[in-house]
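> got a sequence here, can you model it:
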Amino acid sequence: MNRRFALLCVLACGPRLLLAQDFSVQGFADFRLVATPEEAAWTRGGLGKTRYGDGDNAANVPTVALAAHWQATPALALVADVRYQPHYGSAVSLTDAFARFRPVSTDTWRWSFKLGEFFPPISLENDGIGWSSLWTLTSSALNTWVGEELRTFGGEMRVEHRGDTDTLEAAVALFGANDPAGEILAARGWALGDLVSGVGSRLREPDVYAALLGVPPPRRYDPFVEIDHRLGFYANVDWRSAELGHATVLYYDNRADPAQYKGFNGGDELFAWRTKFSSLGGQTDIGRLSLIAQAMAGTTEIAPPGFRSETHFSAGYLLAGWNLGLWRPALRFDAFTTRTDAPFPSGLNEHGNALTFALNWRPLDWLRLTGEGVRVDATRDQRQALGLAPRQIDTQIQFNARVLF
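Below is the predicted model of the structure:
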């Protein structure tokens, strides 16, 4: 922990220690007040759908994100992001770190190669520092899951064709060390938050799910491990138009062997979840109005000897944001479902929706103030194991001061 904290401090001081024009460090520190719902939060082993819940005082601890970029040569860039977020996974974690080689091109074609740990190119809303959103504090359900469980540990090859007014890109990636991805959707379902897992993070499953498996809570696991020694892949196509906006489609398959598992925590078992899905999205601007829409659908499966569990999942959202200079209001609607086919445990199906409103004000270059309200209306059968009604409505209100540097 001391070494990680020292690394965080060095990166924070980077711009003063390294004055080269091709090296930069950006970051932010969040300070917030939160009115929490009564439900225990998913970060604490509860079935609440928001980041904060009953009795949660983590809002008093700031979150810090740092993003370092070094343009080592005109063709080679090195990128690393670090987060400090106590009470979740590893307090200090490396959320991505990669090298990108993109030779200078003088014609319409260009290619690039990326190697390391990085996010698959899914999200259209999380394009700020440290994979944060410029519109809301809380990510959509779809991208909350991406930030929790999905990371590419491998390489991506991308080819780009640049026209007069538009650009077409195609990419394919091979990766490993993401075999458990999908487990949290089966164990807990969808959630909404702004936490991002990094190397060494350990996600917490609902305590009621651990009890059903006969494991003493809290039950935590590392989503970024290799179990079956098989490579996964994704394929991605992007189209960008100066006039119309951006459209993207992606197919993802971690190719995990659903029959494989490994022991951890002195007798518990971590399975390789075969997770595959399709994702599509689009973004366009109409004057000062920005519209973003994304949708995802897929399955995740385990099949050890004598047992099989398959979870069908889908999620999508529509976000409208207005750029009014110092003010940036945003409104987002989410919808999500899971359906699990398994003999045991039962009660893992869910469906729900969420409405998020955020008002951002940036009175100074280094300060962004945000007020946000999130209302999640979800029905999950798993709640009945705790003697609760399947339907829950969680309302979370946040006031956040983000100091940028």
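> what ranges do the helices span in the stretch 151-300 of the chain?
183-187, 207-213 (DSSP state H, counting those that start in this stretch).
> pLDDT value on residue 264, please?
As predicted, residue 264 sits at a pLDDT of 81.
> so which of the helices of the stretch 151-300 of the chain is nearest residue 23?
For residue 23, the closest of the helices of the stretch 151-300 of the chain is helix 183-187, at 36.0 Å, according to C-beta to C-beta. From N, CA and C alone the C-beta is placed, and that goes for glycine too.
> which residues touch that closest one?
Taking contacts as C-beta atoms under 8 Å, 6 or more residues apart in numbering, the residues outside helix 183-187 that touch it are 145, 148-149, 203, 205-206, 209, 221, 223, 271, 273, 300, 309, 311, 313, 338, 340, 348.
> which of those are buried?
Buried residues within the contacts of helix 183-187, counting neighbours by 16 or more other C-beta atoms under 10 Å: 145, 148-149, 203, 205-206, 209, 221, 223, 271, 273, 300, 309, 311, 313, 338, 340, 348.
> you'd agree residue 111 is in a strand?
Yes: assessed by DSSP: H, G, I helix; E, B strand; the rest coil, residue 111 belongs to a strand.
> is it correct that it is in contact with residue 101?
No: assessed by C-beta atoms under 8 Å, residue 111 is found out of contact with residue 101, at 9.2 Å.
> excluding chain neighbours, give the residue nearest to the spatially most central residue of the chain in space.
The centroid of the chain falls nearest to residue 147 when counting by C-alpha atoms, centre = their mean (1.5 Å). For residue 147, ignoring the flanking residues on the chain, the nearest one in space by C-beta to C-beta, 6 or more residues apart in numbering is residue 196 at 4.4 Å.
> from residue 336, how far out is that neighbour?
With distances taken as C-beta to C-beta, to the nearest Å, residue 196 is found 19 Å from residue 336.
> same thing with residue 277?
Counting by C-beta to C-beta - residue 277 and residue 336 are separated by 13 Å.
> tell me which of those two has more neighbours.
Between residue 277 and residue 336, counted using other C-beta atoms under 10 Å, residue 336 has the larger neighbour count: 28 against 21.
> just the terminal-to-terminal distance for stretch 83-95.
Chord length of stretch 83-95, first to last residue, is 7 Å (C-alpha to C-alpha, to the nearest Å).
> state the mean pLDDT of that stretch.
Mean pLDDT, stretch 83-95: 85.
> and stretch 339-346, by the same measure?
Here the average pLDDT along stretch 339-346 is 84.
> gap between the two ends of that stretch?
11 Å.
> I'd like the distance from it to the chain centre, please.
25 Å (C-alpha atoms, centre = their mean, to the nearest Å).
> tell me who's in contact with the residue nearest to the centre of the chain.
119, 126, 131, 139, 194, 195, 196, 197.
> element containing it?
Taking DSSP states H and E as the criterion, residue 147 maps to helix 141-149.
> residue 116 too?
Going by DSSP H and E, residue 116 is part of strand 109-118.
> what packs against that strand?
If contacts are counted by 3 or more C-beta pairs under 8 Å, 6 or more residues apart in numbering; DSSP states H and E, strand 109-118 sits against strand 92-101, strand 152-162.
> buried set for the shortest one?
Residues 92, 93, 94, 95, 96, 97, 98, 99, 100 are the ones in strand 92-101 that count as buried (16+ other C-beta under 10 Å).
> dump the residue contacts of the second one.
For residue 93, the set of contacting residues under the criterion of C-beta under 8 Å, 6+ apart consists of 4, 82, 83, 85, 197, 198, 199, 200, 201.
> again with the fourth one
Applying C-beta under 8 Å, 6+ apart, we find residue 95 in contact with 81, 82, 83, 130, 131, 196, 197, 198, 199.
> can the residues you listed go into CSV with extra columns for distance to residue 354 and neighbour count?
Listed next are the contacts of residue 95 as CSV, based on distance: C-beta to C-beta, whole Å; neighbours: other C-beta atoms under 10 Å:
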residue, distance to residue 354, neighbour count
81, 26, 26
82, 29, 25
83, 24, 27
130, 22, 21
131, 20, 21
196, 19, 27
197, 21, 25
198, 25, 22
199, 29, 17
